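Student: sequence and predicted structure below; questions after.
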Amino acid sequence: MPEVPTRCPWLDTSKPDYVAYHDLEWGVPIHDDNKIFEFLVLESAQAGLSWYTILKKRENYRQAFAYFDPVVVASFDEEDVERLMNNSGIVRNRRKIEAAINNAQRFLEVQTEFGCFADYIWGFVSGTPKTNHLKCLVDYPATSPESDILAKDMKKRGFKFLGSTTIYAHMQATGMVNDHSIDCFRRAEIIDASSDKK
C-alpha cells in the first residue's frame, strides 16, 4: 500500500471531500477576483458554523449566487433575498444573505479604486504569502496583525460579516498565509510553487 502523506492536524481525513479541499485548494495563492469573492461569500456565511458545513453547500451557493459573479450579486434585490431565504441548499440567514449582496457592491467599489480586488487585498501582505511554522492544533492562530488591519479597513469600506477571525480564515484559504503544518506535505509544495512563479 502507498504511504499516506502527513496532513494538517485540523483535517478530518475520514471525509474525502474535505481531504480533497485540503490537498488541492487550501493555502494555494489566489489572485483571481471572482475566486476571491467566492471565498469571501462562503467565509462570511460560515460565521458560527464549521467550514465543512459550508464546503458541503458550496455547489448550492455557486448556483444561488450566480457563480459568484460580483456584478450580478451586487444587483440582487429584495426579491432575490426572499428567493435565497427559501433556498434550503444554503444557510438561510437573512443578515448573511444581505451581507453577501452588500459585500458584492463594496467589492466592485474596491475594484474601481484599485483596478482589481486582488491588488487591494494582497497589498496587506506586501503581495507575498506569509509562511508560518505550525506544529500542532494549538499553534494555529485565530487572527493576525494583518487580518486585524485588513478587517478594520474592510469594515471602514462598508463590508459586513468579515471580522478579523473570518478574514484570517480567508487569508489561509486563499494562500495569503501558508498555514499548513510544518510536517504537512502541502506546505513545501506550495512554497515551491510560489518560488517557481517568481
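Tutor: Yes, it's here.
Student: let's see the pLDDT reported for Met1.
Tutor: Listed pLDDT for Met1 reads 61.
Student: what ranges do the helices span in the chain?
Tutor: 16-24, 33-46, 51-56, 58-64, 70-74, 78-85, 94-114, 117-122, 145-156, 164-173, 185-196 (DSSP state H).
Student: elements contacting the second one?
Tutor: Same thing as helix 33-46. In terms of contacts (3 or more CB pairs under 8 Å, 6 or more residues apart in numbering; DSSP states H and E), helix 33-46 is packed against helix 51-56, helix 58-64, helix 70-74, helix 94-114, helix 117-122, helix 164-173. Backbone N, C-alpha and C define where each C-beta goes, glycine included.
Student: roughly how far apart are the residue nearest to Asp183 when sequence neighbours are not counted and Ala188?
Tutor: In space, and not counting its chain neighbours, Asp183 is closest to Thr6: 4.8 Å by CB to CB, 6 or more residues apart in numbering. For Thr6, the distance to Ala188 (CB to CB, to the nearest Å) stands at 11 Å.
Student: do Ala47 as well
Tutor: Distance, Ala47 to Ala188, by CB to CB: 32 Å.
Student: list the buried ones in stretch 111-124?
Tutor: Buried residues in stretch 111-124, counted by 16 or more other CB atoms under 10 Å: 111, 117-118, 120-122, 124.
Student: my bad, stretch 53-70
Tutor: Neighbour count says stretch 53-70 has 54-55, 57, 61, 64-66, 68, 70 buried, by 16+ other CB under 10 Å.
Student: what distance separates the start and the end of it?
Tutor: End-to-end distance for stretch 53-70, by CA to CA, to the nearest Å: 23 Å.
Student: how far does it sit from the chain's center?
Tutor: With CA atoms, centre = their mean, to the nearest Å as the basis, stretch 53-70 stands 13 Å off its chain's centre.
Student: now stretch 30-46
Tutor: On CA atoms, centre = their mean, the centre of stretch 30-46 falls 5 Å from that of its chain.
Student: one more: stretch 162-175?
Tutor: The gap between where stretch 162-175 is centred and where its chain is centred comes out at 6 Å by CA atoms, centre = their mean.
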